[in-house]
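>>> Below are the sequence and a predicted model for it; my questions follow.
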Amino acid sequence: MKNNKMIIITTIMLIIVMTILVNAVPKLITFIVEPAQKFMVSVRKTFR
């Protein structure tokens with residue numbers, strides 16, 4: 001029974017972590033992509 005409890009607890013923890021990651025990833029991507037896009041635009045302007 002102890003093993004089963006541990007498995008259930010770890011599964012719940014994994015689900016919580018996954019939901020947090022799924023919610024955090026888009027914010028992270030926008031946080032990284034937006035400055036990169038601005039940088040690329042400025043680089044293109046200097047090269048023209």
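In hand now; what should we look at?

>>> chain center to the one helix or strand residue 31 maps to, what's the gap?
Taking DSSP states H and E as the definition, residue 31 sits inside helix 2-47. For helix 2-47, the distance from its own C-alpha centre to the chain's C-alpha centre is 0 Å (CA atoms, centre = their mean, to the nearest Å).

>>> For residue 14, give me its contacts.
Under the criterion of CB atoms under 8 Å, 6 or more residues apart in numbering, residue 14 has no neighbours. For every residue, glycine as well, the C-beta is placed using N, CA and C.

>>> quick one: residue 21 and residue 12, what's the gap?
From residue 21 across to residue 12, the span is 15 Å (CB to CB, to the nearest Å).

>>> got a list of what residue 24 touches?
Contacts of residue 24 by CB under 8 Å, 6+ apart: none found.

>>> and it, what pLDDT?
Per-residue confidence at residue 24 stands at 94 (pLDDT).

>>> Give the rounded mean pLDDT of stretch 9-20.
Averaged across stretch 9-20, pLDDT comes to 97.

>>> Kindly report the same for stretch 36-48.
89.

>>> What residues sit buried inside that stretch?
Going by neighbour count (16 or more other CB atoms under 10 Å), nothing in stretch 36-48 comes out as buried.

>>> How far away from the center of its chain is it?
26 Å.

>>> how about the CA coordinates for that stretch, as PDB?
The C-alpha atoms that make up stretch 36-48 are tabulated as PDB, following Å, rounded to 0.1, in the frame of the first residue of the first chain:
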ATOM      1  CA  ALA A  36      14.500  39.100 -30.500                       C
ATOM      2  CA  GLN A  37      12.000  40.300 -33.100                       C
ATOM      3  CA  LYS A  38      12.700  44.000 -32.100                       C
ATOM      4  CA  PHE A  39      16.400  43.200 -32.300                       C
ATOM      5  CA  MET A  40      16.000  41.700 -35.800                       C
ATOM      6  CA  VAL A  41      14.000  44.700 -37.000                       C
ATOM      7  CA  SER A  42      16.700  47.100 -35.800                       C
ATOM      8  CA  VAL A  43      19.400  45.000 -37.400                       C
ATOM      9  CA  ARG A  44      17.600  45.000 -40.800                       C
ATOM     10  CA  LYS A  45      17.200  48.800 -40.500                       C
ATOM     11  CA  THR A  46      20.900  49.300 -40.000                       C
ATOM     12  CA  PHE A  47      21.800  47.000 -43.000                       C
ATOM     13  CA  ARG A  48      19.500  48.800 -45.500                       C
END
